[in-house]
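Just to be clear, the model below is a prediction. Sequence and coordinates:
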Amino acid sequence: MRKINVETIKNDNILKNKNVTKEQIEEAINQVITQIDINLAYFKQDFPTPATKDNIYMVMDNTEWTNGFYTGMLWLAYDYTKNDKYKKIAELQVNNFYNRIQKQIEVEHHDLGFLYTPSCVAAYKEVGSEIGKEAALLAADKLITRYQAVGKFIQAWGPLNEESYYRFIIDCMLNIPLLYWATEQTGKNIYKLIADNHFNTSLENVIREDASTYHTFYMNPKTGEAVKGATRQGYSDSSSWARGQAWGIYGVALNYRHTKKAECIEYYHALTNYFINRLPKDDVCYWDLIFKDGDKQYKDSSAAAIAICGILEMQKYLPETYKDKKLHQNAANRMMLSLIENYMNKDFKKGSCLLKHGVYSWHSGKGCDEGNIWGDYFYFEALMRYYKDLKIYW
Ligand code: GLY
């Protein structure tokens with residue numbers, strides 16, 4: 001394992017204990033359900049756009065990388081309420097996902113885990129949906145076609161093998177749980193092998209020595225050697241995009257869940273402490289971790305929701321004596337409470353997002369200081385993790 005610096009936690013807020021009560025969680029989940037009920041009538045069996053405009057989603061078809069999150073929210077709502085109205089729409093959407101992968105509609109990218117895990121794997125786990133299982137297995141088959149044996153990674157976007165596209169991104173750590181699940185279901189080791197190789201290549205390259213992260217990383221298509229880290233959605237090539245760091249935290253925790261690989265723990269610890277030390281006064285990060293209070297930059301509430309899920313997942317495996325375990329829990333508690341109190345949207349309009357103040361892509365001006373559907377999904381997942389011992393879709 002490479003030597004990665006594990007910072008000492010020195011964020012004063014995080015050193016002060018804060019608990020989350022069952023009442024706070026239940027009240028927040030009930031607000032989520034209220035909004036989902038309003039949105040059911042608005043989206044019908046269609047989907048929300050990736051990000052909002054003035055905190056309102058438009059309605060779209062199933063052609064984005066983000067469509068699975070809305071279906072995932074319906075499964076979480078079904079899990080919480082057992083009300084068939086969520087299941088009914090979620091199942092219609094699962095049929096739609098099956099059609100999408102069968103007809104290969106907008107699937108030439110690596111985001112098949114984001115698409116098919118919270119929608120179709122969830123359908124299989126929640127209600128034993130065979131069509132969900134079949135669709136998710138087809139998606140896993142598609143995902144492994146992007147594997148580059150030279151360099152041992154899953155190529156994120158673009159035509160395969162072109163030098164300018166020969167790269168992977170930290171977000172992909174959330175795509176590979178689909179592959180672990182596919183091996184569990186089929187007994188075929190190929191999915192797991194590719195997931196393991198991709199994960200190892202990510203750990204070796206995308207995390208810097210100081211435990212900050214690159215968003216994307218280029219490999220040499222002839223030799224497979226590491227070329228360079230670069231950003232697409234972070235502030236700069238040398239900064240740490242907050243959502244990328246959060247994908248890293250949750251991605252490593254999920255990889256540990258599937259592989260129990262010991263070195264995950266140290267990487268997780270380093271990534272999490274780096275993130276926690278850069279939380280501002282209200283405990284919710286700016287969109288890039290270089291920014292501080294007073295810099296007049298946007299927050300990214302979605303990164304906080306993702307990081308909470310990662311921390312709560314890893315808490316299950318760390319022994320009580322593990323250094324910083326309690327501080328990590330405290331950080332999750334503080335982020336959760338801040339999201340509930342300061343970021344949860346209380347407008348309750350048709351198409352409203354759950355969480356305000358996210359950033360989709362600052363450089364392209366997309367979804368800046370707006371809601372986004374993955375932020376909403378992970379906010380709900382985080383609340384459900386506090387509420388009960390949740391069935392994990394990932
Ligand atoms: N995976 C794309 C994003 O986080 O914006």
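The structure has been received and is ready for your questions.

so how far is His215 from Phe168?
Separation of Phe168 from His215 (CB to CB, to the nearest Å): 10 Å. Every C-beta, even on glycine, is put in place using the N, C-alpha and C of the backbone.

same deal with Leu74?
Counting by CB to CB, the gap from Leu74 to His215 is 30 Å.

of these two, who's got more company?
Between Leu74 and His215, Leu74 has the larger neighbour count (other CB atoms under 10 Å), namely 28 against 25.

Name the helix or strand for the residue lying closest to that one once chain neighbours are set aside, please.
Nearest residue to Leu74, sequence neighbours excluded (CB to CB, 6 or more residues apart in numbering): Ala90, at 4.0 Å. Using DSSP states H and E, Ala90 maps to helix 84-102.

tally of neighbours for whichever residue of the stretch 201-350 of the chain sits closest to the ligand?
Per CB to the nearest ligand atom, the residue of the stretch 201-350 of the chain with the smallest distance to the ligand is Arg243, at 5.0 Å. Using other CB under 10 Å, Arg243 is surrounded by 28 other residues.

what helix or strand is it on?
Applying DSSP H and E, one finds Arg243 within helix 242-259.

Can you name every helix or strand that that helix contacts?
Judged by 3 or more CB pairs under 8 Å, 6 or more residues apart in numbering; DSSP states H and E, helix 242-259 is in contact with helix 177-186, helix 190-205, helix 263-277, helix 301-315.

got the angle for the shortest one vs helix 190-205?
If I follow you right, that is helix 177-186. Interaxial angle of helix 177-186 relative to helix 190-205 (axes from the mean of the first three to the mean of the last three CA atoms, to 10 degrees): 150 degrees.

give the contact list for the closest residue to Asp376 other than its chain neighbours.
The shortest distance from Asp376 to any non-neighbouring residue, by CB to CB, 6+ apart, is to Leu354 (4.1 Å). Contacts of Leu354 were listed using CB atoms under 8 Å, 6 or more residues apart in numbering, and they are Gln31, Val32, Gln35, Met344, Asn345, Gly371, Gly375, Asp376, Tyr379, Phe380.

give me phi/psi at the closest residue to Asp54 other than its chain neighbours?
Excluding its sequence neighbours, the residue lying closest to Asp54 (CB to CB, 6+ apart) is Glu370, at 7.8 Å. Backbone torsions for Glu370, taken as degrees, to the nearest 10, come to phi -130, psi 170.

Let me know how buried Glu370 is, in neighbour terms.
23.

before we move on, what about Gly358?
Neighbourhood size, Gly358 [other CB under 10 Å]: 30.

How about Tyr256?
Residues near Tyr256, counting by other CB under 10 Å: 21.

Okay, it and Arg385: tell me how far apart.
Using CB to CB, Tyr256 is found at 16 Å from Arg385.

could you pull out the strands for the stretch 101-250 of the chain?
For the stretch 101-250 of the chain, the strands defined by DSSP state E, counting those that start in this stretch cover 147-148, 153-154, 167-169, 216-219, 226-230.

between those, which one is nearest to Asn273?
Of all those, strand 226-230 sits nearest to Asn273, with 20.2 Å by CB to CB.

Who are the packing partners of that closest one?
helix 190-205, strand 216-219.

Work out the gap between that strand and the centre of the chain.
Chain-centre distance of strand 226-230: 23 Å, with CA atoms, centre = their mean, to the nearest Å.

neighbouring strands for that strand, and are they parallel or not?
strand 216-219 (antiparallel) (DSSP bridges).

so who does the closest residue to Tyr256 other than its chain neighbours touch?
Of all residues not flanking Tyr256 in the chain, Cys264 sits nearest, at 3.9 Å (CB to CB, 6+ apart). Residues near Cys264 by CB under 8 Å, 6+ apart: Val252, Ala253, Asn255, Tyr256.

so which of those residues is the most crowded?
Ranking the contacts of Cys264 using other CB under 10 Å puts Val252 first, with 29 neighbours.

if I pick it, what's in contact with it?
Residues near Val252 by CB under 8 Å, 6+ apart: Met173, Leu203, Cys264, Tyr267, Tyr268, Leu271, Gly310, Met314.

what's the closest non-adjacent residue to the last one?
Closest residue to Met314 in three dimensions, ignoring its sequence neighbours and counting by CB to CB, 6+ apart: Ala253, at 4.1 Å.

Would you pull up the residue in this protein closest to the ligand?
Relative to the ligand, the nearest point of the chain is Asp171 (3.8 Å; CB to the nearest ligand atom).

Contacts only, for that residue.
Asp111, Phe114, Ala156, His215, Arg243, Gly244, Trp247.

Throw those into a markdown table and include distance to Asp295 and pLDDT, thanks.
What follows is the contacts of Asp171, written out as a markdown table (distance: CB to CB, whole Å; pLDDT from 0 to 100):
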| residue | distance to Asp295 | pLDDT |
| --- | --- | --- |
| Asp111 | 30 | 98 |
| Phe114 | 30 | 98 |
| Ala156 | 29 | 98 |
| His215 | 20 | 98 |
| Arg243 | 17 | 98 |
| Gly244 | 18 | 98 |
| Trp247 | 23 | 98 |
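
farthest-separated two in those?
Spatial extent of those (CB to CB) is set by the pair Phe114 and His215 at 15.6 Å.
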